[in-house]
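A.B. asks: below is the structure, and that's it, no one-letter string:
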């Protein structure tokens, strides 16, 4: 996984609440489109109008914001379906950091599996970011310092779980790390087979 | 000893290694795989040269991308056929039990797993599907994950998770006749809002829950994620044990007695403290239906769509306007009487035998309105067979419904089964998001009873008080 240290660039804003992962990427695209091509299908329902015309008010349809690596969003962003393709589609669009007052929990988890930084900030701080960046001015997000540098020189500090921060900084993959604990896992399982034998189904049940 | 919540008991008993700050390495007792995320996770594993840690704890079935057309096979929906083939081949290779189309045991993953006794009280259960919370009805710690986390669990039989906060929702009073678990949970989401459960594990409790059947409890837990709660569960009781006993994968003999003894300890201690407590009076709940594009946009069937006047704050007003516009509705007026184009009875929310019995009770001897296209998609092969044995297929077909094959069908619309832009569909499913049932499609969530009543009337209506 790619390491994240700093993310610098323009800010697209989509400040509506409860944007669900179906809206971020349609399920049909996930079964028909390669992961690397999903970016062009992100936010389909918002990018196009009723007659499939391009909606110029949608930020990713505007030349200034078409490649903005930072997205400001509303409450409960990424709620709904667990589809990890929602994060893949945003990555495909060029997004590396989403700033919102709150996130859907599974989406939030999925971000960390894919080198995407989700930042939680209060509404009013996000509004001040939007006000300062609406002409295309850039932000600089420094993950190690947990700071966002605003165009006016002010700095916003943000909170992030230390374990998750370090995993993003190191581009760390949990699977490799957990596999090193396999002896501990197997010992736990051996004991559990005695304590809760009914949990452990045998292959003969499986025919 | 400190009083413990059910969450504490479920959580603590699976901790293999405790890290700092609430993080733990949790043992996972069951993984359920379906044709979208299951296939993706097995592919990811295989690409890294890893194999499945405990294949005997993993179960697979194709549900999302299969056609529900009568007489279908795996390739009736071609894209789904490719996914089916990959899931089939990868599970064979990994020695994972695969419940195939047409076999006893096939079905929507959250319908077939409890039905076969694969989900038991006290188990940790995951699936690459947000409605995994359904399985919490049996007293399991069940939650949805993305395909990367699922791959982690397949490779290690564990997940690294941070312990959620605890919330208890107590339902007091009694449900009125004709009002179901679906109405109860929709009402709750309307009261609390679509993000109220984020970061919490929700325990449903109180006298109303105790009186719900297992299938109704599954409907209740199913919608936990629709107010943000990744997990929702109910302490197991006699109803739970009676439901499980004798199922294919349930423990038997001495093992059953030993399991029951353990399961009896799975409840919150009387003086346990929760991070948030909510009390809902079930007596106030009417038959509910959603009018907008979030499950929190919900009203009693006989009430008006909320207004967008100055009494609400700006962001709520804007959200309501956007929702009403997408849905082709006018704020402040009655929703009942609005013509509907289609009715869909199905999904992991409401496609179990008792749901079909309820709907059939409404339509028995009557016929759907001429302009309405109505489908019933049973939740599993077992549900289908049991319903047919009761003659429900004939009741539905005589009433003008299509009786179809089990799968997710129009709930997820990943199988070619979608509405046309602008179509209004009353659906017993769980999500009314923009485009969920196809681009431009307008979805109204309701119970099987209400959906059946809408199919007959051809307009939005309920079976009581409308």
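C.D. replies: Looks like it arrived, so ask away. Computed from a prediction, not measured in an experiment: that's the story for all the values here. Residues are numbered from 1 along each chain as shown, chains lettered A, B, ... in the order given.

A.B. asks: helix, strand, or coil at the closest residue to residue B:366 other than its chain neighbours?
C.D. replies: Excluding its sequence neighbours, the residue lying closest to residue B:366 (Cβ to Cβ, 6 or more residues apart in numbering or on different chains) is residue B:456, at 5.4 Å. Backbone N, C-alpha and C define where each C-beta goes, glycine included. What DSSP: H, G, I helix; E, B strand; the rest coil gives for residue B:456 is helix.

A.B. asks: okay, now the unreliable bits of chain A?
C.D. replies: Scanning chain A for pLDDT under 70 picks out A:202-207.

A.B. asks: next, count neighbours for residue B:432.
C.D. replies: Using other Cβ atoms under 10 Å in any protein chain shown, residue B:432 has 29 neighbouring residues.

A.B. asks: leaving out sequence neighbours, find the closest residue to it.
C.D. replies: Nearest residue to residue B:432, sequence neighbours excluded (Cβ to Cβ, 6+ apart): residue B:443, at 4.2 Å.

A.B. asks: what score does that neighbour have for pLDDT?
C.D. replies: Per-residue pLDDT puts residue B:443 at 98.

A.B. asks: which residues touch it?
C.D. replies: Applying Cβ atoms under 8 Å, 6 or more residues apart in numbering or on different chains, we find residue B:443 in contact with B:290, B:425, B:427, B:429, B:431-433, B:436-437.

A.B. asks: surely it is within a helix?
C.D. replies: No. Using three-state DSSP, the secondary structure at residue B:443 is strand, not a helix.

A.B. asks: can you name the residues bridging to it?
C.D. replies: residue B:425 (DSSP bridges).

A.B. asks: same deal with residue A:98?
C.D. replies: Counting by DSSP bridges, the residues bridging with residue A:98 are residue A:71, residue A:118.

A.B. asks: returning to that earlier point: closest one of the contacts of residue B:443 to residue B:349?
C.D. replies: Ranked by distance to residue B:349 (Cβ to Cβ), the contacts of residue B:443 are led by residue B:429 at 5.7 Å.

A.B. asks: distance of residue A:98 from residue B:316?
C.D. replies: Look at residue A:98 and residue B:316: by Cβ to Cβ, to the nearest Å, they are 23 Å apart.

A.B. asks: which one of the two has more residues nearby?
C.D. replies: Shown here are residue A:98 and residue B:316; by other Cβ under 10 Å, residue A:98 has more neighbours (24 against 13).

A.B. asks: of the contacts of residue B:443, which belong to strands?
C.D. replies: The members of these that map onto strands under DSSP state E are B:290, B:425, B:427.

A.B. asks: in the chain, where's the longest helix?
C.D. replies: All of this is about chain A. Taking DSSP state H as the criterion, chain A has its longest helix at helix A:182-195.

A.B. asks: that's the wrong chain, I meant chain B
C.D. replies: When chain B is parsed with DSSP H, its longest helix is helix B:78-94.

A.B. asks: ok, the residue nearest to residue B:113 when sequence neighbours are not counted - contacts?
C.D. replies: Distances taken as Cβ to Cβ, 6+ apart put residue B:119 closest to residue B:113, at 4.9 Å, once the chain neighbours are dropped. Applying Cβ under 8 Å, 6+ apart, one finds that residue B:119 lies in contact with B:30, B:113, B:125, B:135, B:138, B:140, B:142.

A.B. asks: let's see that with 6 Å instead.
C.D. replies: Contact analysis of residue B:119 by Cβ atoms under 6 Å, 6 or more residues apart in numbering or on different chains lists B:113, B:125, B:135, B:138, B:140.

A.B. asks: tell me which stretches of the stretch 101-250 of chain B form helices.
C.D. replies: Assignment of helices within the stretch 101-250 of chain B using DSSP state H, counting those that start in this stretch yields the ranges B:109-115, B:147-156, B:181-192, B:207-211, B:214-222, B:238-244.

A.B. asks: out of those helices, which one sits most buried?
C.D. replies: helix B:109-115 (a mean of 29; mean count of other Cβ atoms under 10 Å in any protein chain shown).

A.B. asks: now the helices of the stretch 101-250 of chain B as TSV including mean pLDDT?
C.D. replies: Listed next are those as TSV, based on pLDDT from 0 to 100:
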stretch	mean pLDDT
helix B:109-115	98
helix B:147-156	97
helix B:181-192	98
helix B:207-211	98
helix B:214-222	98
helix B:238-244	98
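
A.B. asks: would you turn those into TSV with distance to residue A:140?
C.D. replies: Below are the helices of the stretch 101-250 of chain B laid out as TSV (distance: least, Cβ to Cβ, whole Å):
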stretch	distance to residue A:140
helix B:109-115	44
helix B:147-156	28
helix B:181-192	38
helix B:207-211	50
helix B:214-222	43
helix B:238-244	54
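
A.B. asks: these: which one's closest to residue A:87?
C.D. replies: helix B:147-156 (9.2 Å).

A.B. asks: which other helices and strands does that closest one contact?
C.D. replies: Helices and strands touching helix B:147-156, by 3 or more Cβ pairs under 6 Å, 6 or more residues apart in numbering or on different chains; DSSP states H and E, are helix A:174-179, helix B:37-47.

A.B. asks: among these, which is nearest residue B:392?
C.D. replies: Among the helices and strands packed on helix B:147-156, helix B:37-47 sits nearest to residue B:392 (Cβ to Cβ), with 30.1 Å.

A.B. asks: and the closest one with chain A, contact?
C.D. replies: No. Helix B:37-47 lies out of reach of chain A by Cβ under 6 Å from any Cβ of the partner chain, never closer than 7.2 Å.

A.B. asks: next secondary structure element downstream of that helix?
C.D. replies: Using DSSP states H and E, the helix or strand that follows helix B:37-47 in sequence is strand B:58-60.

A.B. asks: quick one: strands adjacent to that next one?
C.D. replies: Sheet pairing here is set by DSSP bridges, and for strand B:58-60 it gives strand B:30-33 (parallel), strand B:97-98 (parallel).

A.B. asks: pull out the buried residues from the least confident helix or strand in chain B by mean pLDDT.
C.D. replies: One helix or strand of chain B scores below all others by mean pLDDT, DSSP states H and E: helix B:314-327, with a mean of 92. For helix B:314-327, a neighbour-count test (16 or more other Cβ atoms under 10 Å in any protein chain shown) marks B:317, B:319-320, B:323-324, B:326-327 as buried.

A.B. asks: same deal with stretch B:426-438?
C.D. replies: Judged by neighbour count using 16+ other Cβ under 10 Å, the buried positions of stretch B:426-438 are B:426-438.

A.B. asks: around chain B, which positions in chain A sit nearby?
C.D. replies: Neighbours of chain B within chain A, by Cβ under 6 Å from any Cβ: A:17-18, A:20, A:22-23, A:27-28, A:31-32, A:45, A:75-76, A:81-82, A:84, A:102, A:105-106, A:110, A:113, A:163, A:174-175, A:178, A:185, A:188, A:197-199, A:201, A:203, A:206.

A.B. asks: restricted to buried residues, select the residues you listed in ChimeraX.
C.D. replies: ChimeraX command restricting the residues of chain A next to chain B to the buried ones, with burial defined by 16+ other Cβ under 10 Å:
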select /A:17,18,20,22,23,27,28,31,45,75,76,81,82,84,102,105,106,110,113,163,174,175,178,185,188,198,199,201
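
A.B. asks: what about the residue lying closest to residue A:46 once chain neighbours are set aside, how many neighbours?
C.D. replies: With Cβ to Cβ, 6+ apart as the criterion, residue A:46 has its nearest non-adjacent residue at 5.5 Å, and that residue is residue A:58. Residues lying near residue A:58 (other Cβ under 10 Å) number 16.

A.B. asks: does residue A:58 really touch residue A:47, like I thought?
C.D. replies: Yes. Here residue A:58 lies in contact with residue A:47, judged by Cβ atoms under 6 Å, at a distance of 5.1 Å.
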